[in-house]
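**Student:** Sequence and predicted structure are below.
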Amino acid sequence: MSRLITRTAALDLLHRFTQSWADNDWTAQEAFISAEVALRSDHKGHHQGRDSVIARFEEDARDDQRLALATTNHYVTADGQGHAMVSAYGYGELSQPPSQSPVTAFGLVMRLQLTWCGEDWKIDDILLSVVWAEGETQRLAGWTLPPGQQGWRPGDDAPVMVSELDSPWVAMPDNRIQASEEEKIAETYSRYAWGIDQNDITLFKSTYTPAARGLFPPLGPLNGLHEIVGSLKAFRRLWPWMQHHGEPLKITLADDGQSAEMWVGRRIPGRWVDDDGQRLYGAHYRLELIKEDGLWKFSWSEYVPGWFGDDNMPFTS
């Protein structure tokens, strides 16, 4: 009998993994991590088996520091045959208690493979790529740090994550997840960000209609797929470490079910929350979308810099 995980259950496994890593509490490991789990990462190397993999994450625990780890840009796919994948961006901060101010920060891309193990779903493959790290990076014990602002150079290790081969959209393209239209619209932003940030221009291109238009500061207005893809492809080369952390804030689906509007808040590492611990956004997108051949795409994209929080959203309810 085929097994199909729900989107909620897949995201719960992602949360259990990141929370266990942040808290260094793996007491429930057998409930959600396969005994044969594999870790493939550019910061900790390759490891096989639950005990070996968890030991690598336990190395990040120290009595004099606290790890906070948040995720954005979620995507879930499943093949209906007992296999699924969940991907996300991660943002981590290390602080020294009792202070909440981070002394070290890092960003990563993760893809977890999930498998039905006869009684429950478990993580059996962890693919992690650390995109950037800053601050007191010596606190990242045993890490191989990313190349830095200059990006990859000859002599560096081969990248662990290659989007054209490893992205969930490629690795498991026939998505059988029962998602709402609003969830599919929200995941369009995840596809957009992954494509541009991972320099996967084919994936990035799939998020725009041929006649798409928009306002793209500091580039200005752009018209048509050729101009948008060409300009943003050239622009992102200057920042190989970029990560577009975003959270969909409002989605309005048209009555015809074929068009929609979405507002996305841009989360900015270094100013993730305010002094009261409330979420901060450094900019927002207003996006118009059209459904083409079953796939949601941007027909209008407007990026507006400017800080706001959950109590002063840039739109009316």
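**Tutor:** Perfect, I can see it now.
**Student:** C-alpha from now on. contacts and neighbour counts both.
**Tutor:** OK.
**Student:** Helix or strand: which one has Leu165?
**Tutor:** Assigned by DSSP states H and E, Leu165 falls within helix 163-166.
**Student:** and what of Ala9?
**Tutor:** Assigned by DSSP H and E, Ala9 falls in helix 7-23.
**Student:** can you give me the strands for the stretch 101-250 of the chain?
**Tutor:** Secondary structure of the stretch 101-250 of the chain, counting by DSSP state E, counting those that start in this stretch: strands at 102-116, 121-135, 208-216, 220-223, 246-253.
**Student:** In the shortest one, which residues are buried?
**Tutor:** By 16 or more other Cα atoms under 10 Å, the buried positions in strand 220-223 come out as Leu222.
**Student:** so what are the domain limits for the protein?
**Tutor:** Residue ranges for the domains of the chain, per automatic domain parsing: 7-171, 181-309.
**Student:** returning to what we had before: okay, angle between the helix holding Ala9 and strand 121-135 too, please.
**Tutor:** Using axes from the mean of the first three to the mean of the last three Cα atoms, to 10 degrees, the direction of helix 7-23 lies 50 degrees away from that of strand 121-135.
**Student:** tell me which residues in helix 7-23 are buried?
**Tutor:** 7, 10-11, 13-14, 16-22.
**Student:** if we can go back for a sec, would you turn the domains of the chain into TSV with distance to Ser317 and mean pLDDT?
**Tutor:** Output for the domains of the chain, formatted as TSV (distance: least, Cα to Cα, whole Å; pLDDT from 0 to 100):
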stretch	distance to Ser317	mean pLDDT
domain 7-171	22	93
domain 181-309	8	96
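**Student:** Of these, give the one that comes closest to Phe315.
**Tutor:** domain 181-309 (8.2 Å; Cα to Cα).
**Student:** Now find how far off-centre the closest one is within its chain.
**Tutor:** Counting by Cα atoms, centre = their mean, to the nearest Å, domain 181-309 is centred 13 Å from the centre of its parent chain.
**Student:** do the same with stretch 48-57
**Tutor:** 23 Å.
**Student:** Likewise for stretch 309-317?
**Tutor:** With Cα atoms, centre = their mean, you get 23 Å for stretch 309-317.
**Student:** got a list of contacts for it?
**Tutor:** Where contact means Cα atoms under 8 Å, 6 or more residues apart in numbering, the residues beyond stretch 309-317 that reach it are 278-281, 284, 308.
**Student:** Is it possible to mark the buried ones in the residues you listed?
**Tutor:** 280-281, 284, 308.
**Student:** Need the max-distance pair from the residues you listed.
**Tutor:** Leu280 and His284, at 11.0 Å, using Cα to Cα across the buried ones among the contacts of stretch 309-317.
**Student:** returning to that earlier point: Serialize the domains of the chain to TSV and add fields for distance to Phe315.
**Tutor:** Output for these, formatted as TSV (distance: least, Cα to Cα, whole Å):
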stretch	distance to Phe315
domain 7-171	21
domain 181-309	8
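**Student:** show me what contacts the closest residue to His83 other than its chain neighbours?
**Tutor:** The shortest distance from His83 to any non-neighbouring residue, by Cα to Cα, 6 or more residues apart in numbering, is to Thr115 (4.7 Å). Contacts for Thr115 (Cα under 8 Å, 6+ apart) come out as 82-84, 121-124.
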